[in-house]
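Participant: Turn this into a structure:
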Amino acid sequence: MRLVVVGVVAVMVFGGKNAKADFTFGKPTNLGSIVNSASSDWGCCTSSDGLSLLFSSNREGGSGGWDIWMSTRLTTAGEWESPENLGPVVNSSSLDGYPAISTDGLELYFMSDRQGGVGGVDLYVAKRGTKSDAWGEPVNLGSVVNSSGNDSWPSLSADDLELYFTAGRETDGEWEYSLYVIKRETVDAPWGQPTDLGPIVNSWPRQICPTISSDGRLLLFCDYWKAPFRSGGLGASDIWCTRRITQDSEWSEPVNVGLPINTPFSDEAPRISPDGSTLYFASNLYGGYGSDDLWQAPILPVVDFDGDGNVGLSDLTLMVESWGTDHPRCDIGPMPWGDGVVDAADLDILMASWGQAVDFPYDPGKASNPMPADGSTILNEDSSLTWTPGRNSAKHDVYLGTDSAAVEEAHISDISGIYRGRQDNSDYTLPVELEFGKMFFWRVDEVDTDGNVIKGKLWSFTIADVVDNFEQYTDDTDAGTAIWQTWWDGWGVPANGSVVGYATPPFAELEIVHGGSQSMPFYYDNSLALSSEATRFWEEPQDWTRRDVKRLTLWIHGQSDNDPEPPYVALGDSSGNNATVMKNDPAVTTVEEWQQLSFDLTAFTGVSADAITDMTFGVGDKTDTQPGGTGTIFVDDIELHLP
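Facilitator: Sure thing, here's the model as predicted:
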């Protein structure tokens, strides 16, 4: 049996003690089209028995803009059923959302901006006598809890005696969002005064959506999507976590939960299931059903203590040696992040994986997320290599060279120049003498606080002139940075059958990519037009002769159901000269793999390569008067190379 773990470990140091708890996330999966809609579905929670899922949605059929909906299932292994609106008693014509249900299922906390509140957005609670009863009229938590600002995004502790939430306060026209908690002595007692979670957690101007684990030792939250994001993230709004040893301890420095939860998209609204086995969150990740979808990912303990890829006797020996201590490596139960002592709960978790092989595609101890991305092409002017440090790393050994085998096998004792030294930070400045046109290989070994070295993976990059790698484009049409706002296609032009980018965000392709993280989708329809093409213009003429480059290359990826059509490139210069070079192989548009097309710059007769003002990529034969075909291809990494 093989245990495949997809994720990156969250590593925390808290309370001034050596208490780094290792756990990882499995591959996120979308909750599917039964739960998610074509609208936005966001901010869910589950009941204590795991059989009810409550969430916010602005889908059709509600009472207002945002309503609370509920889906149920017969067993925790079953499928979620079609959601139902909680109805007009709970939901109003205003915003109602982000539910948090009590452990006994008799209290439902949520946020609302309905009339009659204390501030802009307030916290409310609806109650019922039994689980079979209907919810009663929601009650505002009052001015002790709610303020004249925005108080929102609640999360209840497992004993229902603590309520975590986000307090938004406006000062001199600027809004700040901090995480707070209120407490009560019993479930029948009133809530006390809100308490700020402190400067360690609230170290950024805006953090929202706290969720507390059932053991009270793990707190997750996310960036606010309208604010500058906390440094150290992976993309847009990210999910972060903080730890504490006991419920009376201080919270640790927040840590980004990393891949595969956080992505270049907006990943938000985390919720931990009551049993600690699942992370629910919202994301506009590519491939969803609406603007935002609900996703889930398993939370898994790291059971391979010695890192040999198997769970066996050596791991058990390490646990026995750590018995009764707070050794972080072996503290893996009952929750995946441990409970502060190595005991029978941890042994149960270890034995459940006994004899299994453990595969970490994202090895938590190794450097990851290389920039430039593995296999990328960079300019000489791109002067730095960066990466995400591995768990518990203190220093970083960098290796760089043109021989892949030599870089792979190099050691710190190397005197050939491949070993580039031990770095304090997760970046390395490239030397200026790197040769143009060459492929370079690099490796980063992580050195932990105990001096142990964790060998890294081998990565590569090539130094060349980049015409367009499509990495700079975003979905911000107001800023003019959408891909189709640079590559002008045939939209609205009958003689041009091309469309660049997707109709809705994300406009770029994020899965079928040659290098980096996105490529250009290119739809062609030559059934009426003779050809389909897209053009990029430069205000300042481009010198494509520097460094003695001779070739223009680009990569295309076809699809088997495309109609075969020949690709071509046209160049124009500042004097108005134009030339087109066609590849006489229509079948390339039907090949479902990346293919490099190469064009000799001298083939563009009459065009001055030192004064290029426009480049056109097209599909089809303008000289053929017969109707052509249709299809979608992907274009990436347009570059200039030596002969």
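
Participant: alpha carbons only for contacts and neighbour counts from here, please
Facilitator: OK.

Participant: The stretch 201-350 of the chain: helices as residue ranges?
Facilitator: 313-321, 344-352 (DSSP state H, counting those that start in this stretch).

Participant: could I get those helices as TSV with mean neighbour count?
Facilitator: Formatted as TSV, the helices of the stretch 201-350 of the chain follow (neighbours: other Cα atoms under 10 Å):
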stretch	mean neighbour count
helix 313-321	16
helix 344-352	17
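
Participant: okay, now the nearest residue to Val341 once chain neighbours are set aside: neighbour count?
Facilitator: Nearest residue to Val341, sequence neighbours excluded (Cα to Cα, 6 or more residues apart in numbering): Asp326, at 4.4 Å. Using other Cα atoms under 10 Å, Asp326 has 21 neighbouring residues.

Participant: low-confidence ranges in the stretch 151-300 of the chain?
Facilitator: 227 (pLDDT under 70).

Participant: again but with the chain, I slipped
Facilitator: Residue ranges of the chain with pLDDT under 70: 1-22, 227, 307, 359-364, 380-382, 391.

Participant: In it, which residue is most central in space?
Facilitator: The centroid of the chain falls nearest to Thr263 when counting by Cα atoms, centre = their mean (1.0 Å).

Participant: List the contacts of that residue.
Facilitator: Leu234, Gly235, Ala236, Asp238, Leu285 (Cα atoms under 8 Å, 6 or more residues apart in numbering).

Participant: Pipe these into CSV and attach neighbour count per row.
Facilitator: Below are the contacts of Thr263 laid out as CSV (neighbours: other Cα under 10 Å):
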residue, neighbour count
Leu234, 23
Gly235, 13
Ala236, 20
Asp238, 29
Leu285, 21
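
Participant: does Ile612 have beta-bridge partners, and which?
Facilitator: Partner residues in beta bridges with Ile612, using DSSP bridges, are Gln542, Asp573.

Participant: wait, what's in contact with it?
Facilitator: Listed by Cα under 8 Å, 6+ apart, the contact set of Ile612 reads Trp538, Pro541, Gln542, Asp543, Trp544, Leu571, Gly572, Asp573, Ser574.

Participant: Not counting the helix or strand in which the first one is found itself, show me its contacts.
Facilitator: What that stands for is Trp538. Per DSSP states H and E: Trp538 is located in strand 532-542. Outside of strand 532-542, the residues within contact range by Cα under 8 Å, 6+ apart are 486-490, 496-500, 524-526, 573-574, 609-620.

Participant: With stretch 135-146 instead?
Facilitator: Residues contacting stretch 135-146 (Cα under 8 Å, 6+ apart): 89-90, 117-119, 122-128, 182, 191-194.

Participant: Now which of those would you call buried?
Facilitator: Buried members of the contacts of stretch 135-146, scored by 16 or more other Cα atoms under 10 Å, are 90, 117-119, 122-127, 182, 191, 194.

Participant: quick one: which of those residues sit in strands?
Facilitator: Using DSSP state E, Asp122, Leu123, Tyr124, Val125, Ala126, Lys127, Ile182 are the members of the buried ones among the contacts of stretch 135-146 that sit in strands.

Participant: Let me know the closest of those residues to Leu400.
Facilitator: Ile182 (53.0 Å; Cα to Cα).

Participant: ok, now which ones touch the closest one?
Facilitator: Val145, Glu162, Leu163, Tyr164, Trp191, Gly192, Gln193, Pro194, Thr195.

Participant: wait, what's in contact with the closest residue to it other than its chain neighbours?
Facilitator: In space, and not counting its chain neighbours, Ile182 is closest to Pro194: 4.7 Å by Cα to Cα, 6+ apart. Pro194 sits next to Val144, Val145, Tyr180, Val181, Ile182, Lys183 when contact means Cα under 8 Å, 6+ apart.

Participant: If any of those are buried, give me the ChimeraX selection for them.
Facilitator: To isolate the buried ones among these in ChimeraX, judged by 16+ other Cα under 10 Å, type:
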select :145,180,181,182,183
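
Participant: Looking at the contacts of Pro194, spot the one nearest Thr46.
Facilitator: For the contacts of Pro194, the nearest to Thr46 is Val181 (20.3 Å; Cα to Cα).

Participant: Please, which helix or strand holds the nearest residue to the closest one once chain neighbours are set aside?
Facilitator: Using Cα to Cα, 6+ apart and skipping the chain neighbours, the partner closest in space to Val181 is Tyr164 (4.3 Å). In the assignment (DSSP H and E), Tyr164 maps to strand 162-171.

Participant: just checking, what packs against that strand?
Facilitator: Packed against strand 162-171 by the contact rule (3 or more Cα pairs under 8 Å, 6 or more residues apart in numbering; DSSP states H and E) you find strand 150-156, strand 174-183, strand 207-212.

Participant: Dump those into JSON lines; add distance to Leu347 as well.
Facilitator: Formatted as JSON lines, the helices and strands packed on strand 162-171 follow (distance: least, Cα to Cα, whole Å):
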{"stretch": "strand 150-156", "distance to Leu347": "30"}
{"stretch": "strand 174-183", "distance to Leu347": "34"}
{"stretch": "strand 207-212", "distance to Leu347": "25"}
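
Participant: burial count for Asn452?
Facilitator: For Asn452, using other Cα under 10 Å, the count is 12.

Participant: Check the spacing between it and Val358 real quick.
Facilitator: Asn452 sits 21 Å away from Val358, going by Cα to Cα, to the nearest Å.

Participant: ok, now Asp267?
Facilitator: 27 Å.

Participant: One more: Tyr164?
Facilitator: Tyr164 is 36 Å from Val358, by Cα to Cα.

Participant: Would you mind telling me which of the two has more residues around it?
Facilitator: Tyr164 (25 against 21).

Participant: give the contact list for that one.
Facilitator: Counting by Cα under 8 Å, 6+ apart, Tyr164 touches Pro154, Ser155, Leu156, Ser157, Leu179, Tyr180, Val181, Ile182, Pro210, Thr211, Ile212.

Participant: at 7 Å what do you get?
Facilitator: For Tyr164, the contact set (Cα atoms under 7 Å, 6 or more residues apart in numbering) comprises Pro154, Ser155, Leu156, Tyr180, Val181, Ile182, Pro210.

Participant: What separation do you get for it and Asp600?
Facilitator: Taking Cα to Cα, one finds Tyr164 at 63 Å from Asp600.

Participant: Equivalent analysis for Met351, please.
Facilitator: Distance from Met351 to Asp600, by Cα to Cα: 62 Å.

Participant: now do Asp160
Facilitator: Following Cα to Cα, the distance that separates Asp160 from Asp600 is 71 Å.

Participant: Compare those two (neighbour count), which wins?
Facilitator: The neighbour comparison of Asp160 against Asp600 (other Cα under 10 Å) goes to Asp160, with 19 against 15.

Participant: isn't that one right next to Ser102, touching?
Facilitator: Yes. With contact taken as Cα atoms under 7 Å, Asp160 and Ser102 are classed as touching, separated by 6.1 Å.

Participant: which parts of whichever helix or strand Arg422 is part of are buried?
Facilitator: Assigned by DSSP H and E, Arg422 belongs to strand 419-423. Residues Tyr419, Arg420, Arg422, Gln423 are the ones in strand 419-423 that count as buried (16+ other Cα under 10 Å).

Participant: Show residues contacting stretch 398-405.
Facilitator: Contacts of stretch 398-405 with the rest of the structure, by Cα under 7 Å, 6+ apart, involve 407, 418-422, 439-445.

Participant: could those residues be laid out in CSV, adding distance to Leu400?
Facilitator: Formatted as CSV, the contacts of stretch 398-405 follow (distance: Cα to Cα, whole Å):
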residue, distance to Leu400
Val407, 6
Ile418, 5
Tyr419, 7
Arg420, 7
Gly421, 10
Arg422, 12
Met439, 11
Phe440, 7
Phe441, 6
Trp442, 4
Arg443, 7
Val444, 9
Asp445, 12
